[in-house]
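> quick check, what structure comes out for this input:
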Amino acid sequence: MRIDLFDFELPEERIALRPAHPRDSARLLRVDERGNLSDHTVTDLPSLLRPGDALVFNDTRVIPAQLEGFRRRETPMGEAVSRISATLHMRIGEDCWKAFVRPAKRISPGDRVSFGSMSETCMIGALDATVMDRGEGGEATLKFDFSGPDLDSAIAASGHIPLPPYIASRRPEDARDRTDYQTVYARREGAVAAPTAGLHFTDELLEKVEKAGIERYFVTLHVGAGTFLPVKADDTEDHVMHAEIGEVDARTADALNAVKARGGRIVCVGTTSLRLLETASDEEGRLQPWHGATDIFITPGYRFRCVDILMTNFHLPRSTLFMLVCAFSGIETMREAYRHAIENGYRFYSYGDAGLLFRRENP
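Next up, the predicted model:
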């Protein structure tokens, strides 16, 4: 499909630079199976679902994956030094990460990189790495001098929260983001972007969900920096998704299959949990235990096998996430929903408001 089918105009003032406070006071636009729209707040969520439904959360935890440093290279004239920025996006070993490096033209295999300022060290020493290879789109493989928990500690000491570009271009990251850009139930470290629909949940709201008879389950998909990359192709056929590491354990798969078998609905909190469940489900819609890298790319025409309802934020035009919600609820329905949201003052993107989308059988 043509990418321009998923374009729309968004006034700049609709981009949220901070989350709602408290989190669950954010607005929630309900979009039912027939495309009908109604305005709510996130605190209304328990009343918009049924006892026996199951909410599925992504429990990944955002790490401070934005690193600033210097490339060092030996030349006949001595050591050459250039400033670079690296955003880690996928761990591929105890001491190796895939990263997007800027400017990529300044690095080559074999180069050494020191993160932090030239005079700065982290709490367990300097955070140094070797460039192992350089791929397309600024991607490179970095092999660090530390590994395992030592590397995790060094990244935590040297890194910054990688705010989405539409926020970072308008204000710097600060101490509040370390809390704001993390779900209250995050526990498994590895993401470089938050599963943003989950940012709306508070401990109080989770208690209300439980009291309403709605079950809660957790899966893990470590969101990568590829989620921020624009779609540069003109057609969906030509777009390449970056893979992300995820897991659905056997206990969760069995429990969600039981929910479906007794007539309950699976409600994914965020596109990350939806993409993971759709990856882990078979042709009949039964979930299987699954672990690995998924690069599933969902566009209109995709037949959803598992997920019934999706809670998700409002996404960028021409983005893979906007394509996904159009596949879930229909292109025209989502165009109308986004027009309604813009005209009625909803806040967009990572720190913005949310929609509750009910799957259409033939969107």
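
> okay, now S158: neighbour count?
22 (other CB atoms under 10 Å). Quick note: C-beta positions are derived from backbone N, CA and C, even for glycine.

> could you check how far the nearest residue to F304 once chain neighbours are set aside is from S82?
With CB to CB, 6 or more residues apart in numbering as the criterion, F304 has its nearest non-adjacent residue at 5.9 Å, and that residue is R359. Using CB to CB, to the nearest Å, one gets 49 Å for the distance from R359 to S82.

> identify the residues contacting the residue nearest to F304.
Contact analysis of R359 by CB atoms under 8 Å, 6 or more residues apart in numbering lists E33, F304, V307, D308, I309, L310, F328, S329.

> go on, M132?
The neighbourhood of M132, defined by CB under 8 Å, 6+ apart, consists of C96, P109, A140, T141, L142, K143.

> ok, 7 Å please
M132 makes contacts with P109, T141, L142, K143, as judged by CB atoms under 7 Å, 6 or more residues apart in numbering.

> now do L55
By CB under 7 Å, 6+ apart, the residues touching L55 are V209, I214, R216, V267, V269.

> find me the pLDDT at the last one, would you?
Yep, that's V269 we're talking about. What the model reports as pLDDT for V269 is 98.

> isn't it up against G198?
Yes - applying CB atoms under 7 Å as the test, V269 and G198 come out as touching, 5.3 Å apart.

> neighbour count winner among the two?
For V269 and G198, the more surrounded residue by other CB under 10 Å is V269, and the numbers stand at 28 against 25.

> give the buried residues for the lengthiest strand in the chain.
Determined from DSSP state E, the single longest strand within the chain is strand 78-91. Neighbour counts over strand 78-91 (16 or more other CB atoms under 10 Å) mark I84, S85, A86, T87, L88, H89, M90, R91 as buried.

> how about P289, nearest residue that isn't a chain neighbour?
Nearest one to P289, counting by CB to CB, 6+ apart, is A250 at 4.1 Å.

> run through who's touching the helix or strand encompassing R275.
R275 is part of helix 271-280 when elements are defined by DSSP states H and E. Applying CB under 7 Å, 6+ apart, the contact partners of helix 271-280 are 56-58, 195, 219, 221, 223, 246, 248, 253, 266, 268, 287-288, 290, 294, 296, 298, 304-307, 310, 312, 321, 324.

> try it again at 6 Å.
With contact meaning CB atoms under 6 Å, 6 or more residues apart in numbering, helix 271-280 is reached by 56, 58, 195, 219, 221, 223, 246, 248, 268, 287-288, 290, 294, 296, 306-307, 310, 312, 321, 324.

> average pLDDT for the very next helix or strand once past it?
Heading C-terminal from helix 271-280, the first helix or strand you meet, by DSSP H and E, is strand 290-294. Mean per-residue pLDDT for strand 290-294: 95.

> and strand 290-294, which strands flank it?
strand 244-248 (antiparallel) (DSSP bridges).

> from the middle of its chain, how far away would the strand it pairs with be?
Here the centre of strand 244-248 is set off from its chain's centre by 12 Å, with CA atoms, centre = their mean, to the nearest Å.

> do the same with stretch 164-180
Centroid displacement of stretch 164-180 relative to its chain, using CA atoms, centre = their mean, is 15 Å.

> in that stretch, what's buried?
Buried-residue list, stretch 164-180, by 16+ other CB under 10 Å: P164, Y166, I167, A168, E173, D177, D180.

> for it, what is the average pLDDT?
91.

> what does stretch 314-332 give?
For stretch 314-332, the mean per-residue pLDDT is 95.

> ends of it, what's the gap?
In stretch 314-332, first residue to last residue: 15 Å (CA to CA, to the nearest Å).

> quick one: contacts of it?
Counting by CB under 6 Å, 6+ apart, 3, 6-8, 31, 231, 271, 298-300, 302, 310, 334, 341, 348, 352, 357, 359-360, 363 sit against stretch 314-332.
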